[in-house]
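**Student:** 3D, please:
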Amino acid sequence: MFLVDGPYVSDFFKKTVRDHKIPVVGTPIVKSLNLYDGTNIISEDKAVELVKQKKTTPIYCVSENSISWITDRLTFTELPQKIEIFKDKLRFRRLIKTLFPEFYFREIRAEELKDLDLKDLPLPFIIKPSVGFMSIGVYKISDYSQYKKAVKSIEKEIASAKALYPRVVLDTNKFIIEQYIHGDEFAVDAYYDSLGEVRILNIFHHIFSSQDDVKDRLYVSSKRIIEENIESFSLLLKRIGQLANLKTFPVHIEIRKDSKGGIIPLEVNPMRFGGWCTTADMTFVSYGFNPYLYYYYQKSPEWGKILRDKDKKIYALIVLDNSTGIPGEKIKSFDYRKLMSKFEKPLELRKIDYKKYPLFAILFTETREENFRELKEILTSDLHEFIYA
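**Tutor:** This next block holds a predicted model:
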């Protein structure tokens, strides 16, 4: 059964659950999400009974907002405890400490941020909410002046984000400081099947505009990226799954890989793939199979066949966050037509209410490797050229 909630449910997801009669839990918010007529909506009590009868029932959350329903209504299962392990980044670091005993991390309370002494900390380091979402409140710190600026920015970001996300998604009472991991960053959609085996559904290279960039602007997937990493990433996920005893459990995991091939997880997002129906929908557009169904029916991609005709193609997920420095409510319009003209093969554009959320749009594209320039340009753009204020 699937749980739906705001801030965004894609048309592709709506069509998937309707056409395949996947049970959707009828929480109070469901009516406002405009699910398609014919969707198999079941009562909350029936959903609980379904889990009691069949504890291996695949459960999926389109939004982390739904996690609170699981923690409230499924207390007779191990799901709330397993979710908490991953939602709380400090607990996750403690879980995998035996795998990475030299990795530095520590907890810091929100009220301690302004008076933190950096002399005993490994520079550079990353600071972020222990329970967080997207890149809200995430900063790379290389020196004291940078840290002071980050604290001020964190205070502003948190104040605006609190109105958008519940505490189970974003809790700013405590933060985690952890050593910076040099190397390339990847995002992986996967699930653990009923036997605990790992099934990888896609691998994205998270590309940054600079050494200090921590934003979510550009993710790319390709035949080369998947083939080069699927074996080592599967092994890492298997080790994490064994520590947490994960079964019938979807995840979106972020990983760093250094120049020598060493890998270490940054965080694991439980019960979902990429937020805002991004990476799973992108996988269908790129590779032709539906990750929601593969998880629901416990199927594994035949990557050899899927990648056969994908040489020299790059599939990009572009998150057009408001990087203009101008508040959304002061922007009159965004030129989506001009945006689309910048790409050789746009696959799908999703316009976002930028007056409500700090995003203009989410864009899927296909690009030839030789034309990577168009992706680099949007990666470094502050998007001023597309707005009228």
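
**Student:** hey, let's count contacts and neighbours off CA atoms from now on
**Tutor:** Will do.

**Student:** in a helix, that's where V214 is, yeah?
**Tutor:** No: counting by DSSP: H, G, I helix; E, B strand; the rest coil, V214 is not found in a helix; it is coil.

**Student:** Provide a list of residues in contact with it.
**Tutor:** Neighbouring residues of V214 by CA atoms under 8 Å, 6 or more residues apart in numbering: 135, 138-140, 208.

**Student:** now, which of the residues you listed lie within strands?
**Tutor:** Members of the contacts of V214 lying in strands (criterion: DSSP state E): 139-140.

**Student:** Turn the contacts of V214 into a markdown table, including pLDDT.
**Tutor:** Output for the contacts of V214, formatted as a markdown table (pLDDT from 0 to 100):
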| residue | pLDDT |
| --- | --- |
| S135 | 61 |
| V138 | 82 |
| Y139 | 80 |
| K140 | 86 |
| F208 | 93 |
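
**Student:** confidence score at Y147?
**Tutor:** The model reports Y147 with a pLDDT of 82.

**Student:** Check for me that it belongs to a helix.
**Tutor:** Yes: per three-state DSSP, Y147 lies within a helix segment.

**Student:** from here on, count from 26
**Tutor:** That works, and once the first residue is 26, the last one we named lands at Y172.

**Student:** how near is the closest residue to K401 other than its chain neighbours to S406?
**Tutor:** Sequence neighbours aside, S234 is the residue nearest to K401 in space, at 8.0 Å (criterion: CA to CA, 6 or more residues apart in numbering). Applying CA to CA, to the nearest Å, the value for S234 to S406 is 9 Å.

**Student:** shared neighbours of the two, which are they?
**Tutor:** Joint contacts of S234 and S406 (CA under 8 Å, 6+ apart) do not exist.

**Student:** how about the residue sitting nearest the centre point of the chain, what does it touch?
**Tutor:** The centre of the chain sits closest to G299, judged by CA atoms, centre = their mean, with a distance of 3.8 Å. G299 is in contact with 214, 277, 305, counting by CA under 8 Å, 6+ apart.

**Student:** List just the nearest of these to L384.
**Tutor:** Nearest to L384 among the contacts of G299 is A305, at 19.1 Å by CA to CA.

**Student:** Please report how far the closest one lies from V87.
**Tutor:** Relative to V87, and taking CA to CA, A305 is found at 10 Å.

**Student:** Can you pull the residues that touch both of the two?
**Tutor:** Counting by CA under 8 Å, 6+ apart, the residues touching both A305 and V87 are F298.

**Student:** Show me where the stretch 276-414 of the chain has its helices.
**Tutor:** 304-312, 316-321, 328-331, 361-365, 398-405 (DSSP state H, counting those that start in this stretch).

**Student:** make that the stretch 76-225 of the chain, sorry
**Tutor:** 92-98, 104-112, 114-120, 169-186.

**Student:** which residues touch the second one?
**Tutor:** Contact partners of helix 104-112, identified using CA under 8 Å, 6+ apart, comprise 95-96, 99, 116-117, 120, 155-157, 194, 269, 271, 292-296.

**Student:** ok so, going back, out of the contacts of G299, which one sits closest to V73?
**Tutor:** Among the contacts of G299, H277 lies closest to V73 (CA to CA), at 24.7 Å.

**Student:** Now do the same for D209: its pLDDT.
**Tutor:** Reported pLDDT for D209: 95.

**Student:** hmm, back to that, need the buried ones from the contacts of helix 104-112 selected in ChimeraX.
**Tutor:** Those of the contacts of helix 104-112 that count as buried under 16 or more other CA atoms under 10 Å are selected in ChimeraX with:
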select :95,96,99,117,120,155,156,157,194,269,271,292,293,294,295,296
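
**Student:** taking the contacts of helix 104-112 one by one, which sit in strands?
**Tutor:** 155-156, 292-295.

**Student:** of those residues, closest to K177?
**Tutor:** S155 (17.9 Å).

**Student:** Show me how far the lowest-mean-pLDDT helix or strand in the chain is from its chain's centre.
**Tutor:** Lowest on mean pLDDT, DSSP states H and E among the helices and strands of the chain sits helix 169-186, with a mean of 75. Helix 169-186 sits 22 Å away from the centroid of its parent chain (CA atoms, centre = their mean, to the nearest Å).

**Student:** Can you name every helix or strand that that helix contacts?
**Tutor:** strand 164-166 (3 or more CA pairs under 8 Å, 6 or more residues apart in numbering; DSSP states H and E).

**Student:** K367 versus E410, what's the distance?
**Tutor:** 12 Å.

**Student:** what's the answer for S246, then?
**Tutor:** 19 Å.

**Student:** When the two are compared, which one has more neighbours?
**Tutor:** When S246 and K367 are compared for neighbours, S246 comes out ahead with 25 against 13, by other CA atoms under 10 Å.

**Student:** For that one, give the beta-bridge partners.
**Tutor:** Y340 (DSSP bridges).

**Student:** V50 now?
**Tutor:** Bridge pairing for V50 - DSSP bridges - gives I67.

**Student:** That one and V42 touch, don't they?
**Tutor:** No: taking contacts as CA atoms under 8 Å, V50 lies outside contact range of V42: 11.3 Å.

**Student:** wait, doesn't I265 sit right on K122?
**Tutor:** No: contact criterion CA under 8 Å: I265 and K122 do not qualify, at 10.7 Å.
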